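Colleague: dropping the sequence and predicted coords here.
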Protein chains: 2
Amino acid sequence: MRPLFHPAIEDLKPEAILYALSDPERVAIFAQIAGVGSSGTCTALANLGGRVIPKSSLSQHMKVLREAGLIRGERHGVEMRNHSRCQEVDQRFPGLIAAILSAYGRRPEETNAG
Amino acid sequence: MRPLFHPAIEDLKPEAILYALSDPERVAIFAQIAGVGSSGTCTALANLGGRVIPKSSLSQHMKVLREAGLIRGERHGVEMRNHSRCQEVDQRFPGLIAAILSAYGRRPEETNAG
DNA sequence: TTCCGTAGTTCAGAAATTCGGAACTGTTGA
DNA sequence: TCAACAGTTCCGAATTTCTGAACTACGGAA
């Protein structure tokens, strides 16, 4: 398993962020991670929207979010804890995440994106 | 040629908008249309970013933007005039387009999206 | 009318991407 | 050492994207 890649703030690309958040399933995952009280492990994220996401697909989704710079993943023992990088992204692209989550009806004020 | 489809405001989907604007080439096209002084015809949009976009590809890009609800196309004789639906989209998803164009460094204040 | 040029769409095959089950890696605890 | 667990990687199938070629539609000239 190769180490996780996380882009630096100055390397964030709007197209990667928009692409990552153009999939409602990934938005649900991201909103859960960005919201309060999520453990952020893959297992906890596997059935958010009524269907169980296959774990290979989930792993790909996490990779897309991670490489867009939206989340940061840290291995803790056997599991991975993910947390959002909203504040960093918001510094680079002010208002972007808040506007996107709001468009999806996701109450950005409960995250740290507003 | 089948008639052009334009979604009603209430049918706009954030995922379609984000997907449409997750391609820098489409963003350039959209920014040009949303900006001042563009005729908005395909011919006028074919070489914005240093390369000439093949016209079949351009036609697909226009379709993606149109069906996301970002632009409206009207046939005028032999050509098609495209103009942005920024104001409508902004009513439905306030601040979204402005934040996206700003993230791309596209000065939304010159469009009617701010 | 018929023909021609222009603007853009549709078609179709190649290339690239996405999806998801199976196999795998790495960690913890018995 | 072994088993269970969390997540990743592999790989084939399905879907999507790209673009040249063919096509449609309109307007103007003869």
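Modeller: Structure's in. What do you need? Numbers count the residues shown, from 1 in each chain, chains lettered A, B, ... in the order given.

Colleague: what residues does chain A put near DNA strand D?
Modeller: Taking CB under 7 Å from any atom of the strand as the criterion, the neighbours of DNA strand D within chain A are A:1-2, A:4, A:41-43, A:55-56, A:58-60, A:62-63, A:73, A:78-80. Bear in mind the C-beta positions are built from the backbone N, C-alpha and C, glycine included.

Colleague: the residues you listed: which ones sit near chain B?
Modeller: Judged by CB under 8 Å from any CB of the partner chain, the overlap between the residues of chain A next to DNA strand D and the neighbourhood of chain B is nil.

Colleague: of those residues, buried ones?
Modeller: If you count burial by 16 or more other CB atoms under 10 Å in any protein chain shown, the buried members of these come out as A:41-42, A:58, A:62, A:73, A:80.

Colleague: now intersect those residues with the helices, please.
Modeller: Among these, the members falling in helices (DSSP state H) are A:42, A:58, A:62.

Colleague: and the least confident of the residues you listed?
Modeller: pLDDT is lowest at A:C42 among those; the value there is 88.

Colleague: nearest spatial neighbour of that one, chain-adjacent residues omitted?
Modeller: Among residues not flanking A:C42 along the chain, A:L58 sits closest, at 5.4 Å (CB to CB, 6 or more residues apart in numbering or on different chains).

Colleague: quick one: that neighbour from A:N47, how far?
Modeller: 10 Å (CB to CB, to the nearest Å).

Colleague: which helix or strand in chain A has the lowest average pLDDT?
Modeller: Least confident element among the helices and strands of chain A, by mean pLDDT, DSSP states H and E: helix A:42-45 (a mean of 88).

Colleague: now that helix - C-alpha only, CSV.
Modeller: Provided in CSV are the C-alpha atoms of helix A:42-45 (Å, rounded to 0.1, in the frame of the first residue of the first chain):
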residue,chain,number,x,y,z
CYS,A,42,-14.9,4.0,5.6
THR,A,43,-17.0,1.5,7.5
ALA,A,44,-19.0,4.4,9.0
LEU,A,45,-19.5,5.9,5.6
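
Colleague: ok, residues contacting it?
Modeller: A:29, A:32-33, A:38, A:53, A:55, A:58-59, A:62, A:79-80 (CB atoms under 8 Å, 6 or more residues apart in numbering or on different chains).
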